[in-house]
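S.K.: model the structure of this input:
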Amino acid sequence: MDFRRGGWLAALWLAGAGAAGASAQLTPECLDDRSQILVADPDGRGALNIEYYEWQPAVMPFDRSTALPMTLIVRITGGATSARLTLSSGGGTISLNDLGQAPDVTAGDQLFTGSVPVQSILDRNTPERVNRPIMGQVQGLEAGIPTGPLVNVLASVMPAEARSIAVTTISATARRTPWVLNIRDDNYVNDNGRERVVGAAYAHVPDRYEFVHIVNAPRSLIANRFHGRIRNSVSGIGINSFDTGASYGSPAALIGFSVFPNLSFYDMHGPGVLHETGHQWINGLTGVFGDPRNGAHWPISSLANHVMGFSLAGGPGGTLNCQLSSNGSTLTTQATSSSTYFNSWELYLMGLTPTVPNAFTVTDQTAALNLVNQPNWCNGSTYNLPTTQLSQTLLTNTFGQRSPSFAISRKYFHVLTLVVSNGRTLGDDELRYISLMTARAQNRGVRPWAEGLVGSNGPNFFEATAGRGTLDFRLDGTFAGGFEGN
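M.R.: Prediction:
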């Protein structure tokens, strides 16, 4: 198909995620998420379930001795008797056991463990993968027969340049670098207690951040990333005014959070952070402007091949690799790569441009979704699909003027990166790697990114907004002499 699919089980993840922090407004996830991790059950026997995988350590330093293999742990429920990792590029298989045989620690605890050679990780750590090699796929076995889902497994390699990042121990449950704050909370992976962990962070930082990113480590959960709104005072964008900041320990500043349950999708120079941040303002519009599939994205329209994309059936999102044109009664396609830059409508809702140009949406969205689900649909063909024009006048008449207006809207936002770990605080090299993947957000210029199996070259937030908006990921360097950028 001509778009990147979103998570095919997004609704399942969000049902669990909503148990805690229910007062916040959650937005379904899109782009490179769970569907890249979890491969459909190839033999139709779905009794086994892979909940997460975990490397020990979570990050492999570039100079780790080849005599010390990495340990891979996979949590498999449903009766698996063994498991295996099939290495990419024909690299063979590695057995994982739950028999208490080293490196497995405890027999029968549903944690299947194996040793992965250091060299096999280094060999797959190519430059375009941005220190995130694709290792292969893991699957459970019953009596030696591969059964149930396949899960794509990626590793994380800390490069030499990260070794100089300073790490400070604050307490038995808190560590930090100039870019990230690590809080140990052993219950978070089970109860998604966002209010609790964010509130705990404010013991160490001031309430001066507009966004918090919650990164899960060392476990990589088979789950989607997603965004939630904590406050909204912006009108004219289809989102009600509300304020739940106090429940997160933020009486003043926080407006939203983004959750990254799987470290393989955490790259702050990638499109994921652009997309999740955009969800703070996009898309709460309804009617012809809205998402008919309840995914908080665009309808299938001339707007859908940029950062925010459109929703697939069920709500998870995809991005059109197709340019649409229309004369009002027919729709014509032209193949093109989807853009990782915000379009003018997205910038307007974010408060980063004063007006929007005319656009259009396909009037019959059911027919439009049926079309884009067909292979090779975007091949220059013309389809008998009428469209509805979208304009500034129609938008304003329907939802009112955006307020605050472009002239006075906030354009500089501070991000608190909160790494929540279970069982322990993270080690120096683990925090250095996550810090490097965070600091990449500040790097301007079109640069490589890698999220899950997908990678390319793209802009950071500043450039994706054409220099109109800034995300500042520095943990506290801005506090001296007053908080910069406001």
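S.K.: and the strands in the stretch 351-486 of the chain, which stretches?
M.R.: 359-362, 382-383, 387-390, 412-421, 447-451, 454-458, 470-472 (DSSP state E, counting those that start in this stretch).
S.K.: tell me the contacts of Val105?
M.R.: By C-beta atoms under 8 Å, 6 or more residues apart in numbering, the contact set of Val105 is 111, 113. No exception for glycine: its C-beta is placed from N, CA and C like everyone else's.
S.K.: look up how far Asn190 lies from it.
M.R.: 20 Å (C-beta to C-beta, to the nearest Å).
S.K.: cool, and Gly458?
M.R.: For Gly458, the distance to Asn190 equals 35 Å [C-beta to C-beta].
S.K.: these two: who's more crowded?
M.R.: Taking other C-beta atoms under 10 Å, Gly458 and Asn190 do not tie; Gly458 has more neighbours (18 against 10).
S.K.: if we can go back for a sec, so for His213, which of the strands of the stretch 351-486 of the chain sits nearest?
M.R.: strand 412-421 (4.9 Å; C-beta to C-beta).
S.K.: direction included, what does the closest one pair up with?
M.R.: strand 181-184 (parallel), strand 211-216 (parallel), strand 470-472 (parallel) (DSSP bridges).
S.K.: tabulate the CA atom coordinates of it in CSV.
M.R.: The C-alpha trace of strand 412-421 is given here as CSV (Å, rounded to 0.1, in the frame of the first residue of the first chain):
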residue,chain,number,x,y,z
TYR,A,412,8.6,28.1,22.1
PHE,A,413,8.0,25.0,24.2
HIS,A,414,10.1,23.2,26.8
VAL,A,415,10.1,19.4,27.1
LEU,A,416,10.8,17.4,30.2
THR,A,417,12.1,14.0,29.2
LEU,A,418,11.2,11.5,31.9
VAL,A,419,12.7,8.0,31.7
VAL,A,420,10.8,5.7,33.9
SER,A,421,12.6,2.5,34.8
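S.K.: now that strand, how far from the centre of its chain.
M.R.: 14 Å (C-alpha atoms, centre = their mean, to the nearest Å).
S.K.: can you tell me what sits against that strand?
M.R.: 179-185, 188, 197-198, 201, 205, 208-218, 277, 426, 431, 434, 438, 441, 469-473, 475, 478, 483-486.
S.K.: try 7 Å this time
M.R.: 179-185, 188, 197-198, 201, 205, 208-218, 426, 434, 438, 470-473, 478, 485-486 (C-beta atoms under 7 Å, 6 or more residues apart in numbering).
S.K.: check stretch 70-87 too.
M.R.: For stretch 70-87, using C-beta under 7 Å, 6+ apart, the contacting residues are 47-56, 60, 93-97, 103, 110-116, 118, 120-121, 135-143, 148, 153.
S.K.: wait, Arg440 sits on Met268?
M.R.: Yes - checked against C-beta atoms under 7 Å, the pair Arg440 and Met268 is within contact range at 5.3 Å.
S.K.: how many neighbours does the closest residue to Gly270 other than its chain neighbours have?
M.R.: Counting by C-beta to C-beta, 6 or more residues apart in numbering, Trp449 is the residue found nearest to Gly270 once chain neighbours are left out, at 3.7 Å. For Trp449, the count of nearby residues is 25 (other C-beta under 10 Å).
S.K.: can you check the pLDDT for Trp449?
M.R.: You'll see Trp449 listed with a pLDDT of 93.
S.K.: settle this for me: it is touching His269, isn't it.
M.R.: Yes - checked against C-beta under 7 Å, the pair Trp449 and His269 is within contact range at 4.9 Å.
S.K.: so what's Gly328 up against?
M.R.: 386-387.
S.K.: ok, now Val198?
M.R.: 212, 248-249, 418 are the contacts of Val198 under C-beta under 7 Å, 6+ apart.
S.K.: ok, for the residue of the chain most remote from its centre, nearest residue in space, not its chain neighbours?
M.R.: Distance from the centre of the chain peaks at Ser329, with 36.9 Å (C-alpha atoms, centre = their mean). Distances taken as C-beta to C-beta, 6+ apart place Pro386 nearest to Ser329, at 5.3 Å, with adjacent residues excluded.
S.K.: residue contacts, that neighbour?
M.R.: 328-329, 363.
S.K.: okay if I get those residues as CSV plus distance to Lys411 and pLDDT?
M.R.: Formatted as CSV, the contacts of Pro386 follow (distance: C-beta to C-beta, whole Å; pLDDT from 0 to 100):
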residue, distance to Lys411, pLDDT
Gly328, 36, 96
Ser329, 40, 96
Thr363, 35, 97
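S.K.: run through the helices of this structure in chain order.
M.R.: Using DSSP state H, the helices of the chain run over residues 10-17, 34-37, 118-123, 188-191, 194-201, 271-278, 344-350, 365-372, 392-399, 428-439, 461-464.
S.K.: for Asn240, which of those is the nearest?
M.R.: helix 392-399 (11.7 Å).
S.K.: can you list the low-confidence ranges for the stretch 51-200 of the chain?
M.R.: Under the criterion pLDDT under 70, no range of the stretch 51-200 of the chain is flagged.
S.K.: show me where it has its strands.
M.R.: Using DSSP E, counting those that start in this stretch, strands in the stretch 51-200 of the chain cover 60-61, 70-77, 82-87, 93-96, 111-116, 134-142, 145-154, 157-158, 168-171, 174-176, 181-184.
S.K.: okay, buried residues for the fourth one please.
M.R.: Of the residues in strand 93-96, 94, 96 count as buried by neighbour count, 16 or more other C-beta atoms under 10 Å.
S.K.: show me what contacts Ala107?
M.R.: Ala107 neighbours (C-beta under 7 Å, 6+ apart): 98-100.
S.K.: what do you get if the cut-off is 10 Å, keeping everything else the same?
M.R.: Neighbouring residues of Ala107 by C-beta atoms under 10 Å, 6 or more residues apart in numbering: 97-101.
S.K.: leaving out chain neighbours, which residue sits closest to Asp104?
M.R.: Here the residue nearest Asp104, using C-beta to C-beta, 6+ apart, is Thr113, at 3.9 Å.
S.K.: any idea how far the residue nearest the centre of the chain is from Ala466?
M.R.: With distances taken as C-alpha atoms, centre = their mean, the residue of the chain nearest its centroid is Arg225 (4.0 Å). The gap separating Arg225 from Ala466 is 25 Å, by C-beta to C-beta.
S.K.: next one: Ile239
M.R.: Applying C-beta to C-beta, the value for Ile239 to Ala466 is 23 Å.
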